[in-house]
Structure formats: structure tokens, C-alpha cells
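# quick one: sequence and predicted model below, then my questions.
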Amino acid sequence: MKKVFIAATKQNDGKTTASLGLICNFQNEFKKVGFIKPIGQRYLEEEGQKIDEDSLLIEEVCGIKCGLKDMSPIAVERGFTEKYIAKPDKNSISDQIKKAFNRVSKNQDLVIIEGTGHAGVGSVFDHSNAYVAKLLGSKVIIISSGGVGRPIDEIVLNKSLFDKMGVKVLGVIVNKVLPNKFERINQLVRKGLRRQGINVLGVLPYDPVLARPTLEQILEETDFEILCGKEFLENSVSHVLVGAMQPREAVKYIIDDSLLITPSDREDLIITALNCLREPDKTKPRISGVILTGESIPDKSIMELLSKVKIPVLFAKSDTYTVASDIHDLTVKIRPCDTSKISAVVKLVKDYVDLDTILKGI
């Protein structure tokens, strides 16, 4: 049974993207592929159990049936670390992880193990990613975000902890490289890491589609209220526009699939935005959704107008700047229903990752 641990230099570098892409591509090579995320920080409640959302995604998209609780044995809920520091029990966590892994890996040809955060995450309860990789006897692939100097520094720093634990790092995958800088960064990062004795297994260009949230995701991650357009919550957002200018200036910045965030009393701006139609379909506005901010919703005439347009309208009892900051900081995760994103991920990994070298390494 082969296995590989997917680590990263920090959160949101693309571990789940890499895991999903690798599993889908390796399913062409192996009959039975398993998955486990030993320690998860973002979880959902499923049948009374706390299950990491990435495990749910992998199970549904890849058709992996290893038992959801075994695929996500440790959920770091609120107060978890405080309780551990007050009363540490390292062996209990290790046993849960090992037993879950043994059940997940039974009769499998390959198991993908997804870490959480950088190499040291989990040290506070004696289970860093490096320690878990050693515990499960797995080699490691490190994922990093695009760039040259900072990613190389972070990769070397993270690799040092794996080296200290005696864990073999197969190489790295550099993710989210801007297309207009791809050729230059691809060459430099390979040369720079080669000097450090680190193998580059792939360099992936940034795909803006993968970072686009839907209005439904925004609604799920916030305490906003939906006023109308519930049936259009799957509209995606490519651009966020804060309505703090005159309408004649705002129209210059409205592009297809823009999200307008504006005070609820800016009726002039709302009407102007809805009148910006996309080409060639003149029946659809360029706005994918509107978030109204403030103490109260607009008057009846404006709400009637908004309800006739095929877009979701959300309401936030907060100031515009705070709402815009919340949207900016939103973590966009791939969901099982995001078929176009999933297809893009599988193709990215197939086209830009050296799968043969990974297979030889494991």
C-alpha cells in the first residue's frame, strides 16, 4: 500500500486542491484509493459527528467510501487546545489517528493523507503535521503559494521540521502562480529550490475561477440576511465593487459578475448598477449580486425593482467597510456541486504536476 502526506507552508496554499487533483488522476492508475485528513480545523456536523469539510468533499467527488469519521478522526473544535494543555493525552490522539488510518488504508492501493496548515500546526497538542507524517510512516509533498523569495524561504523552513522528524520530503508543488509571471517564476523557483536540494514536482498557474465565491457561500460564511433572489444564490463573483462614489464613476468599474456592496440608502447607485447590462444578453445585468448595508432595508419601490432582477440581494446590519473586509477575507472552498472548478483542478494537476515522479517516489 502506497501513501503520501500532503503538507503546506501555510493555510489556504492549496492542499485540498492538490489532494483532489492527485486522487482523481491516480484513480486512473490504482483501483482503490483512500483518503484521510487526520486533524481538521474546519468541520461540519454529520449525523451528530464532527467531520472535516474536505473529507466530505473527497468522499462525494471521488466516490471514496472509507467511513467519514475515519477519514476525519480528530476535529479541533473550540476549546480543544485549552483542554489539551490543561490535561494532555498524546497517546489518545495518536491511537485515534493510527486506528482510523488502519481502517481507511485496509485493502487500498494508495492513500492520500491531507495535513492542516504548515508543518508545525498541531504542535500545541503534540501532533504537528511533521509528527503525524512520521506516525503514519508517510513521505511528504509540500504545497506552497506562488512567488520566488518568500515561497522558497517558507519551503526550506517547513522542510527542516520534517527533516528533524526523519520524514522524507519527495518535493514541492508551487501553486497559484500568476499567468503573466508563470514562465519567469517557473524557471526561478525550480533553480532556487534545486540549490537547496529540493525537487519541484510541479508549478501550477493561478486560475481565478477557483477563487470565485458564490453568493451562497458568502451567505453561509456570514450572518447576512437574504432579502430576495434565493434561487440565484449560485451566481459567482469575479469582482467586488464598493459603492462609495457617484453613479457615473461607479459604472466605469462594473464588469461581468460584479458584486455590489453599498449602503441601503444609495438608491441612485443601485438603480444605475442594475441598468448596466452584459453583452450580448441585454436582459441580464452585469451585477451578480448586491449586499446592502446599514440599519434598514430600502423602501418598497426599490425592493420591488430588486426582486424582479435575477440576482440575490443580501442585507448586512454593518457598515460597508466591515462588510467589504469580511468578503475580502472569505476562504473560498471547493464544494461537491462546483463541477467546473473540480474539472479545472483535475486538469491543472494532470497538466502541470509530474505524476510519474511522485509514483516513483512513493
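Received it, and whenever you're ready, just let me know what you need. Residues are numbered from 1 along each chain as shown.
# is Glu154 in a helix, a strand, or coil?
helix (DSSP: H, G, I helix; E, B strand; the rest coil).
# so who does it touch?
9-10, 118, 144 (C-beta atoms under 8 Å, 6 or more residues apart in numbering). Any C-beta I mention is one placed from the backbone N, CA and C, and that applies to glycine too.
# just how off-centre is stretch 297-310 within its chain?
With C-alpha atoms, centre = their mean, to the nearest Å as the basis, stretch 297-310 stands 34 Å off its chain's centre.
# what does that stretch contact?
With C-beta under 8 Å, 6+ apart as the test, stretch 297-310 has contacts from 227-229, 232, 264-265, 267, 270-271, 274, 284-285, 290, 292, 313, 315.
# swap the cut-off to 7 Å and go again
With contacts defined as C-beta atoms under 7 Å, 6 or more residues apart in numbering, stretch 297-310 is touched by 227-229, 232, 264, 267, 270, 274, 284-285, 290, 292, 313, 315.
# any idea of the mean pLDDT in that stretch?
Per-region confidence: stretch 297-310 scores 88 on mean pLDDT.
# buried residues, that stretch. List them.
297-298, 302-303, 306, 309 (16 or more other C-beta atoms under 10 Å).
# hmm, back to that, from the contacts of Glu154, which is closest to Ser138?
Nearest to Ser138 among the contacts of Glu154: His118, at 16.8 Å, using C-beta to C-beta.
# for the closest one, helix, strand, or coil?
Assignment for His118 (three-state DSSP): coil.
# tell me the contacts of it?
Contacts of His118 (C-beta under 7 Å, 6+ apart): 8-10, 158.
# check the offset of whichever strand or helix holds Thr16 from the chain's centre.
Using DSSP states H and E, Thr16 maps to helix 15-26. Helix 15-26 has its C-alpha centroid displaced from the chain centroid by 13 Å (C-alpha atoms, centre = their mean).
# average pLDDT for the very next helix or strand once past that helix?
On the C-terminal side of helix 15-26, the nearest following helix or strand under DSSP H and E is strand 33-36. Per-residue pLDDT values across strand 33-36 average out to 94.
# ditto for stretch 320-333
Here the average pLDDT along stretch 320-333 is 88.
# what's the closest of the buried residues of stretch 297-310 to Asp351?
Distance to Asp351, by C-beta to C-beta, is smallest for Val309 among the buried residues of stretch 297-310, at 38.6 Å.
# give me the element Lys69 is part of.
Counting by DSSP H and E, Lys69 is part of helix 68-71.
# and that helix, what does it pack onto?
strand 33-36, strand 49-52, helix 53-62, helix 90-105 (3 or more C-beta pairs under 7 Å, 6 or more residues apart in numbering; DSSP states H and E).
# what does it contact?
35-37, 46, 49, 51, 55-56, 59, 100, 103-104.
# quick one: mean pLDDT over it.
85.
# OK, contacts around Leu193?
Leu193 neighbours (C-beta under 7 Å, 6+ apart): 152, 155, 172, 200.
# give me the beta-bridge partners of Val177?
Pro205 (DSSP bridges).
# thought it was touching Ile185?
Yes. Val177 is within contact range of Ile185, at 5.1 Å (criterion: C-beta atoms under 7 Å).
# following whatever helix or strand Leu348 lives in, which helix or strand shows up next?
For Leu348, the element it lies in under DSSP H and E is helix 339-352. Note on helix 339-352: by DSSP H and E, the next helix or strand toward the C-terminus is helix 355-361.
# which ones among the contacts of stretch 297-310 lie within helices?
The helices, defined by DSSP state H, take in 267, 270, 274 from these.
# who wins for neighbours among the residues you listed?
Ile270 (24 neighbours; other C-beta atoms under 10 Å).
# and the residue located most distally from the centre of the chain, which of the three is it?
Distance from the C-alpha centroid of the chain, by C-alpha atoms, centre = their mean, peaks at Ser301 (39.3 Å). Counting by three-state DSSP, the backbone at Ser301 sits in helix.
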